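Q: sequence? don't have it. structure:
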């Protein structure tokens, strides 16, 4: 076990930067292997992009990542280890699409198969699925048409395959929904990689059996909190890392008050947070360029709480998609499993966030509740509780759900910069995952991979 | 004049962050207006992306920005004020193109008009010039085809207009040469904006009468050094800003040892350096997104010094362009005006830098000198002095010449994020210039604009 000296020096074998799911998964693996380590976290809590809060007495709200699906094996294994229960996402009843011209188009089932632009949308998404099957998710640069796809935006590809404005609106909302970004700023290759890393386009988009299948009874930051509890004082909060210095055989990780000296470091942060750390020597060109081509998505999550899920009495599911210019992209029913309250969650993402986030708190609330009223009826305007989390204004995470890759990011910097260790500094975070990249599951597997790299290095006596 | 208290608190009216050409130009304007201000600079020198060094006794080498052209009025005015002399860039003799198949294609004059791919190259660059004439450089989002052009990469546009591989190689080198980036990562709109901000494609590319017309006798960081000398102790070096905190009527700018309290701040840093500062409250979504879509170009500048410009005896200019896969993109004759030494400068940029920068110092030197030998003959392999500056590994600047804008950066974030003040925080830096964006001249005009914003605010008693 490490000891802190009087002068703020901590000596340990491994220092993990970031106590989100990636960093804590790495730390748990190190713990299980009996290694000596410390975890340093800038915020005053663990969990990173998962953040659960108990409000109104007993209602758990997830301000961040919230879902788990059946193929997210790393997350399910961690949930099982710590005995964290889940329940199916509510999706019974009639869903609705809200269109820019005011049309309300109801639909049922997992995905719409009629409505404006549906033919073009289905044709393009089926093509995305076919192309995604050729993506090498472990070594993306070995994908046959890698260079061609990364040198264009997703918008360029969409516009080449349909000129139906409504199909393009559907495609834009899909990109917002999975990446919190707009087709005009995302690399086509990255979109295909993302589809491949989840398994298929359907896996990303649908609820039952897919990415949005279930939620955690006690909140999605449960795995992070359970690991932190197990690790106890090895996890230091309120410890923002300002500098990482490498010298032969040694890595120094510096906060304002403490220097951690270790043989290896694992940096498990969102790309935007890595850029705020001063590295000595400077990060290699490809690693720095990779980070610089990985903007964070734009997203806010807004919860409105009611006494009951009143929309169900009218046969409505509370699920809606908005093909308009309002702030809300998608609405889900986030009520608890016993329906002891009614909860709607609205996602504000991409371009929709830029304008909405600059408005007053009252205007933000009014516009979101107006959107909910079009979904669930006028009672939605009078919630008993209302909560916003604008991730793009979070001083530690800087956006969400994750970073996407801008055109050319993979092509110019991927092979050298994606996740290869930089000397004794190893890289975790969901953006470095091959499976369920961008999800909690990807964060966990990235932590495991980085921990395995470190354990192999320590066992082999590799020097930095 | 401000006074530093015992507790590291400095009170002043305006704090300028960054002592490059933008920050110092802003400070000089504040000085001329009789305002109270401080300039804080992270490095141990002023000049930012200009960096001149006297080597081998009396030879001045410019590791950074080095040229001035006749339409760069802000830079010329500053040079005149401080009596800084210039001399014409050497370009007499025969230039040469080096092709990937080993061909050496000589040419003379300002630009080649024969050679592989020249027809396709000329057709596309003439088209770029025509489209650039429609760009609104003050309010880019008002450009008629703004959204269409920013939603695609320059590569997408090039490939749509020529399938001649040699023309595409020429276009790629042109983008490397002006932005230190590759066509696959740059927004087409940004390229057009950049052309428009310089005046024309020819203005960017050519020497006499254009961007590369002349050099400074005592080095291009002369204007920065002259301003710093005038301002004296108002410029603080070795002062890296870690945090900028806004509260009503007050901006706090914090280094490790000192807090500067001011009514207004001007942040005059490259985008990559801004991202390392912790802002409270967080930067607005559009400003943060703008920065996140502004990666720095990849560039190194390599000088080889000889006893004399021996290549001139053989009728060679020492100017060369490389359409191959080697490290060097372009070579210029950087000899002093009296030809008392021979100096070749090689630019390593874009993809070329990624690989080269990871090699050993010896390998880097050997490969660059081999390229110079193909230009000037085998004597080029034995310089009397050799100097590299890899800007992408610079811990303060993080790349060069400047940042470019990735696809969607202008479209998604430009109107709100490009250069509009954020409360009492104003933004300078060449990336915020409308004229000669990316150049020293643009840095200076951006500093003037930010200073004018601040002077107007202070005169009007605007609160933060």
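A: Structure's in. What do you need? Treat the numbers as computed from the prediction; the structure is a model and nothing was measured.
Q: next one: stretch A:280-294 to chain centre, how far?
A: Centroid displacement of stretch A:280-294 relative to its chain, using CA atoms, centre = their mean, to the nearest Å, is 21 Å.
Q: brain fart, stretch A:285-300
A: Distance, centroid of stretch A:285-300 to centroid of chain: 14 Å (CA atoms, centre = their mean).
Q: quote the end-to-end distance of it.
A: Length of stretch A:285-300, first residue to last, CA to CA, to the nearest Å: 32 Å.
Q: average pLDDT for that stretch?
A: For stretch A:285-300, mean pLDDT rounds to 98.
Q: buried residues of that stretch, list them for me.
A: A:285-300 (16 or more other CB atoms under 10 Å in any protein chain shown). (Each C-beta comes from the backbone N, C-alpha and C, glycine too.)
Q: same thing with stretch A:84-98?
A: Buried residues in stretch A:84-98, defined by neighbour count with 16+ other CB under 10 Å: A:84, A:86, A:89, A:90, A:91, A:93, A:95, A:96, A:97, A:98.
Q: how is chain A carved up into domains?
A: Following automatic domain parsing, one finds the domains of chain A at A:9-48+A:221-283+A:422-460, A:87-91+A:297-393, A:116-205.
Q: which single residue of the stretch 1-150 of chain A ends up nearest chain B?
A: residue A:150 (6.9 Å; CB to the nearest CB).
Q: let me see the contact set for that residue.
A: Residues near residue A:150 by CB atoms under 8 Å, 6 or more residues apart in numbering or on different chains: A:187, A:188, A:189, A:190, A:407, A:408, A:409, A:410, A:411, A:414, B:184.
Q: how about the secondary structure of the last one?
A: Looking back up the chat, that one is residue B:184. When classified by DSSP: H, G, I helix; E, B strand; the rest coil, residue B:184 comes out as coil.
Q: and the residue of the stretch 301-450 of chain A that's closest to chain B?
A: Counting by CB to the nearest CB, the stretch 301-450 of chain A gets nearest chain B through residue A:408, at 2.9 Å.
Q: got the confidence number for residue A:276?
A: 89.
Q: what degree of burial does the residue nearest to residue A:141 when sequence neighbours are not counted show, as a neighbour count?
A: Spatially, and ignoring its direct neighbours in sequence, residue A:141 is nearest to residue A:415 (4.7 Å; CB to CB, 6 or more residues apart in numbering or on different chains). Other residues lying near residue A:415 total 17 when counted by other CB atoms under 10 Å in any protein chain shown.
Q: just so I know, which of the domains of chain A lies nearest residue B:146?
A: When the domains of chain A are compared by CB to CB, domain A:116-205 sits nearest residue B:146, at 11.2 Å.
Q: what mean pLDDT does the closest one get?
A: Rounded mean pLDDT across domain A:116-205 is 98.
Q: stretch A:390-407 now?
A: Across stretch A:390-407, pLDDT averages out at 97.
Q: which residues are in contact with residue A:13?
A: Residue A:13 is in contact with A:35, A:36, A:37, A:262, A:263, A:264, A:458, counting by CB under 8 Å, 6+ apart.
Q: so where do the helices sit in the stretch 101-250 of chain A?
A: Under the criterion DSSP state H, counting those that start in this stretch, helices of the stretch 101-250 of chain A are mapped to A:118-132, A:146-150, A:154-161, A:165-179, A:188-198, A:201-205, A:222-231.
Q: report the central residue of chain A.
A: Computing the C-alpha centroid of chain A and ranking residues by CA atoms, centre = their mean puts residue A:401 first, at 3.2 Å.
Q: just checking, it touches residue A:181?
A: No: counting by CB atoms under 8 Å, residue A:401 sits too far from residue A:181 to count as a contact (10.1 Å).
Q: residues that sit against both of those two, list them.
A: Common neighbours of residue A:401 and residue A:181 (criterion: CB under 8 Å, 6+ apart): residue A:297.
Q: residues near residue A:452, how many?
A: Counted with other CB under 10 Å, residue A:452 comes out at 14.
Q: for it, give me the pLDDT.
A: So, for residue A:452, pLDDT stands at 98.
Q: am I right that it falls within a strand?
A: No: assignment of residue A:452 by three-state DSSP gives helix, placing it outside any strand.
Q: correct me if wrong: it contacts residue A:30.
A: No: contact criterion CB under 8 Å: residue A:452 and residue A:30 do not qualify, at 10.1 Å.
Q: ok, residue A:194 - contacts?
A: Counted by CB under 8 Å, 6+ apart, residue A:194 has contacts A:178, A:179, A:204, A:404, A:437, A:438.
Q: could I get the residues you listed as CSV with neighbour count and distance to residue B:213?
A: Conversion of those to CSV gives the following (neighbours: other CB atoms under 10 Å in any protein chain shown; distance: CB to CB, whole Å):
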residue, neighbour count, distance to residue B:213
A:178, 23, 50
A:179, 27, 45
A:204, 23, 54
A:404, 29, 41
A:437, 25, 49
A:438, 26, 49
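Q: I'd like the residues you listed laid out as TSV, including distance to residue A:23.
A: Formatted as TSV, these follow (distance: CB to CB, whole Å):
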residue	distance to residue A:23
A:178	24
A:179	23
A:204	25
A:404	21
A:437	17
A:438	17
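Q: quick one: which of those residues is nearest residue B:60?
A: Closest approach between the contacts of residue A:194 and residue B:60, by CB to CB: residue A:404, at 44.5 Å.
Q: and residue A:435, which of the three is it?
A: coil.
Q: show the pLDDT at it.
A: Reported pLDDT for residue A:435: 98.
Q: contact partners for it?
A: With contact set as CB under 8 Å, 6+ apart, residue A:435 has these partners: A:74, A:137, A:197, A:441, A:442, A:445.
Q: burial measure for the third one, as a count.
A: The local packing of residue A:197 (other CB under 10 Å) involves 23 other residues.
Q: what about residue A:28, distance to residue A:256?
A: 27 Å (CB to CB, to the nearest Å).
Q: more neighbours, those two?
A: Using other CB under 10 Å, the more surrounded residue of residue A:28 and residue A:256 is residue A:28, with 24 against 12.
Q: and that one, how far from residue A:219?
A: For residue A:28 relative to residue A:219 (CB to CB), the value is 19 Å.
Q: what does residue A:8 give?
A: From residue A:8 across to residue A:219, the span is 34 Å (CB to CB).
Q: ok, now residue A:436?
A: Note on residue A:436: its distance to residue A:219, by CB to CB, is 19 Å.
Q: more neighbours, these two?
A: residue A:436 (27 against 23).
Q: hmm, the more buried one is touching residue A:198, no?
A: Yes: Residue A:436 lies in contact with residue A:198 (CB under 8 Å); the separation is 5.9 Å.
Q: in the stretch 301-450 of chain A, which spans are strands?
A: With strands called from DSSP state E, counting those that start in this stretch, the stretch 301-450 of chain A shows them at A:316-323, A:330-333, A:342-349, A:385-390, A:425-428.
Q: closest one to residue A:234 among those strands?
A: strand A:425-428 (16.6 Å).
Q: what helices and strands are in contact with the closest one?
A: Using 3 or more CB pairs under 8 Å, 6 or more residues apart in numbering or on different chains; DSSP states H and E, the elements in contact with strand A:425-428 are helix A:21-32, strand A:264-268, helix A:440-460.
Q: any chance of those in TSV, plus distance to residue A:244?
A: Converted to TSV, these look like this (distance: least, CB to CB, whole Å):
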stretch	distance to residue A:244
helix A:21-32	14
strand A:264-268	6
helix A:440-460	15
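Q: most tightly packed of the ones you listed?
A: Mean neighbours per residue, mean count of other CB atoms under 10 Å in any protein chain shown, is largest over the helices and strands packed on strand A:425-428 for strand A:264-268, with a mean of 29.
Q: ok now that one, how far from the chain's centre?
A: Worked out by CA atoms, centre = their mean, strand A:264-268 lies 20 Å from the chain centre.
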